[in-house]
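Colleague: sequence unknown, structure follows:
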């Protein structure tokens, strides 16, 4: 689309997004050579699903207990 001379505002309207998103995408493309974002790493889970369920049950049983 850039090679055709279409402006960023027109592209934003076509993709139903803001012009700022288009601008940042082109900046990322120029800097890295890749337009798509890569996740930089997700935070690891601190508790297991089993402990999560236990904490929910405890919170329901002791509604007014503090977090300590």
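Modeller: Everything's here; your move. Since this is a predicted model, take the numbers as computed values, not measurements.

Colleague: got the buried residues for stretch 17-31?
Modeller: For stretch 17-31, the neighbour count (16 or more other C-beta atoms under 10 Å) marks 22, 25 as buried. (C-beta placed from N, C-alpha, C; glycine too.)

Colleague: which outside residues touch it?
Modeller: 2, 8-9, 11-12, 15, 34-35, 37 (C-beta atoms under 8 Å, 6 or more residues apart in numbering).

Colleague: Recalculate using a threshold of 7 Å.
Modeller: Stretch 17-31 is contacted from outside by 8-9, 11-12, 35, using C-beta atoms under 7 Å, 6 or more residues apart in numbering.

Colleague: Could you export those residues as CSV, including neighbour count and pLDDT?
Modeller: Converted to CSV, the contacts of stretch 17-31 look like this (neighbours: other C-beta atoms under 10 Å; pLDDT from 0 to 100):
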residue, neighbour count, pLDDT
8, 17, 89
9, 11, 91
11, 18, 90
12, 16, 91
35, 10, 78
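
Colleague: among these, which are in helices?
Modeller: Taking DSSP state H as the definition of helices, those contribute 8-9, 11-12.

Colleague: among the residues you listed, which two are most distant?
Modeller: By the measure C-beta to C-beta, 9 and 11 form the most distant pair in the ones in helices among the contacts of stretch 17-31, at 7.3 Å.

Colleague: how close does the closest residue to residue 8 other than its chain neighbours sit to residue 15?
Modeller: Spatially, and ignoring its direct neighbours in sequence, residue 8 is nearest to residue 22 (4.6 Å; C-beta to C-beta, 6 or more residues apart in numbering). When distance is defined by C-beta to C-beta, to the nearest Å, residue 22 is 7 Å away from residue 15.

Colleague: Now do the helices in this structure.
Modeller: Using DSSP H, helices in the chain cover 8-15, 19-32, 49-61.

Colleague: Turn the ones you listed into JSON lines, including distance to residue 68.
Modeller: What follows is the helices of the chain, written out as JSON lines (distance: least, C-beta to C-beta, whole Å):
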{"stretch": "helix 8-15", "distance to residue 68": "49"}
{"stretch": "helix 19-32", "distance to residue 68": "43"}
{"stretch": "helix 49-61", "distance to residue 68": "13"}
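
Colleague: Cool, thanks, signing off.
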